[in-house]
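# Fold the following, please.
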Amino acid sequence: MDDLTAELRLRGLEPPYDAVKQELATRFAGIEEDAQRKVGTEFARQIGMFMRESHKPLH
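Presented below is the predicted three-dimensional model:
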């Protein structure tokens, strides 16, 4: 529990979770999309490295 939540509860109020539920969902979705994009980029980079290595002549 963070300080703001504790303060609100001490005053007999509930934190406005419902009021910001959609905003939080939108932000988390954006974070997830960005993380997936980074994973996809890294995966493509590794595939490219593998392909370049596999085409090198064996010594």
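
# I'd like the distance from the longest helix belonging to the chain to the chain centre, please.
Looking across the chain with DSSP state H, the single longest helix is helix 17-54. Helix 17-54 sits 7 Å away from the centroid of its parent chain (C-alpha atoms, centre = their mean, to the nearest Å).

# likewise stretch 8-17?
Chain-centre distance of stretch 8-17: 28 Å, with C-alpha atoms, centre = their mean.

# Between the two ends of it, how far is it?
End-to-end distance for stretch 8-17, by C-alpha to C-alpha, to the nearest Å: 12 Å.

# What helix or strand is residue 8 located in?
Assessed by DSSP states H and E, residue 8 sits inside helix 3-10.

# Against which helices or strands is that helix packed?
Applying 3 or more C-beta pairs under 8 Å, 6 or more residues apart in numbering; DSSP states H and E, we find helix 3-10 packed against no helix or strand. Where C-beta positions appear, they are placed from N, C-alpha and C, glycine not excepted.

# so that helix versus helix 17-54, what angle?
Counting by axes from the mean of the first three to the mean of the last three C-alpha atoms, to 10 degrees, helix 3-10 lies at 160 degrees to helix 17-54.

# Tell me where the chain is predicted with low confidence.
Scanning the chain for pLDDT under 70 picks out the ranges 1, 59.

# now do 80
Filtered on pLDDT under 80, the chain yields the residue ranges 1, 56-59.

# what's around residue 42, how many residues?
The tally of other residues near residue 42 (other C-beta atoms under 10 Å) stands at 10.

# cool, and the one 5 residues further on?
By the criterion of other C-beta under 10 Å, residue 47 has 10 neighbours.

# gap between it and residue 40?
Counting by C-beta to C-beta, to the nearest Å, the separation of residue 47 from residue 40 is 11 Å.

# Likewise for residue 11?
Relative to residue 40, residue 11 is positioned 46 Å away (C-beta to C-beta).
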